[in-house]
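Participant: Coordinates only, no sequence provided:
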């Protein structure tokens, strides 16, 4: 498996190094034959090539079997004419990574905020209110006058159908329940279309129970009773906010795994930011990116029908669970280790 690894900014290089330690160990144990190629993005890309993600890197991503992307300082990149673009956006859009799959589960070993739970959010990844993703050219945000700003939201039947199908296919492998999250009581046309398409797809999966919840009520439900939910499917912005909430309820954003998947490409990506305030201090939790890397291995195994990759992914997840329980992790989840040492602990458990 050929992996393109893009470390990013801030804590990105640190958590990426810890993740590569685990992935290399998994490759040795399960005979995966990982071939790792690294390239600079973010500020490193600007320094090296005058672009936060050079077009050549996008082409490398197309040719690779998968991409691992560390967090980047996206808020600082404001002028595309100067090569300042969001690397994550560029890859999601260029590779048509329409499904952002974000699991959230609790682990034994530290206090639980809302009890034990295990759910997955299937977030549509290519349209919605995101100004950099819903237009063929230009931005979805317009400054009409200095006092008037407009943001356009695109919802299509095609994109709604494929994220709904991804959610229901996922639910078949889990507890067979899908919850549609929306705001159709106000956004009657756009969210109305999203619900309509999700319900159409649901009829093709009669074994899967389905319900729907308005997004603001959903925020209360996942705090009060996250055990109720299995697979949640929703549009881009709702999914972005909801997945951060469920990740924090599970213990920390440092546990928030994320896989951006399309028909032919996939990218592992930590769900959190670049955290420049702790960069270089060996304090960042690498488990989000490690778990995301495991998701990428599993995706590749299913796609190529090679069970060793799925076995490796399961072993990584088990090693992470064991490390958390033994407090062989970072301080945000009750551990006593640094970034590098946490990666080494997971790799050691994987070898055991």
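Facilitator: All right, it came through fine. Source: prediction; values computed, not measured.

Participant: Can you get me a residue count around residue 162?
Facilitator: For residue 162, the tally of surrounding residues (other Cβ atoms under 10 Å) stands at 20. Glycine gets a C-beta too; all of them are placed from N, C-alpha and C.

Participant: ok, for it, nearest residue in space, not its chain neighbours?
Facilitator: Nearest residue to residue 162, sequence neighbours excluded (Cβ to Cβ, 6 or more residues apart in numbering): residue 98, at 5.6 Å.

Participant: swap in residue 223?
Facilitator: Nearest to residue 223 is residue 114, by Cβ to Cβ, 6+ apart, at 6.1 Å.

Participant: ok, the one you found to residue 177 distance?
Facilitator: Distance from residue 114 to residue 177, counting by Cβ to Cβ, to the nearest Å: 18 Å.

Participant: now the closest residue to residue 26 other than its chain neighbours: how far from residue 34?
Facilitator: Closest residue to residue 26 apart from its sequence neighbours, by Cβ to Cβ, 6+ apart: residue 312 at 4.3 Å. Distance of residue 312 to residue 34, given as Cβ to Cβ: 10 Å.

Participant: neighbour-wise, which of these two wins?
Facilitator: Neighbours per residue, other Cβ under 10 Å: of residue 312 and residue 34, the larger number sits with residue 312, 28 against 20.

Participant: Helix or strand: which one has that one?
Facilitator: Residue 312 is located in helix 307-325, with elements delineated by DSSP states H and E.

Participant: immediately after that helix, which helix or strand?
Facilitator: helix 339-351.

Participant: List the contacts of that following helix.
Facilitator: By Cβ atoms under 8 Å, 6 or more residues apart in numbering, the residues outside helix 339-351 that reach it are 11, 14-15, 17-19, 21-22, 24-26, 29, 282-287, 290, 315-316, 319-320, 322-323, 328-330, 335, 337.

Participant: That one versus helix 307-325: what angle between them?
Facilitator: 120 degrees (axes from the mean of the first three to the mean of the last three Cα atoms, to 10 degrees).

Participant: Show me the domain layout of the chain.
Facilitator: 1-97+262-352, 113-250 (automatic domain parsing).

Participant: for those, which one ends up most surrounded?
Facilitator: Highest mean neighbour count of those: domain 1-97+262-352, a mean of 20 (counted as mean count of other Cβ atoms under 10 Å).

Participant: Can you give me the end-to-end span of it?
Facilitator: Length of domain 1-97+262-352, first residue to last, Cα to Cα, to the nearest Å: 23 Å.

Participant: do stretch 324-342 as well
Facilitator: 10 Å.

Participant: State the mean pLDDT of it.
Facilitator: For stretch 324-342, the per-residue pLDDT values average out at 94.

Participant: Please apply the same query to stretch 136-156.
Facilitator: For stretch 136-156, the per-residue pLDDT averages 89.

Participant: for that stretch, the distance to its chain's centre please.
Facilitator: Centroid separation between stretch 136-156 and its chain, computed with Cα atoms, centre = their mean, to the nearest Å, is 26 Å.

Participant: How about stretch 27-40?
Facilitator: On Cα atoms, centre = their mean, the centre of stretch 27-40 falls 20 Å from that of its chain.
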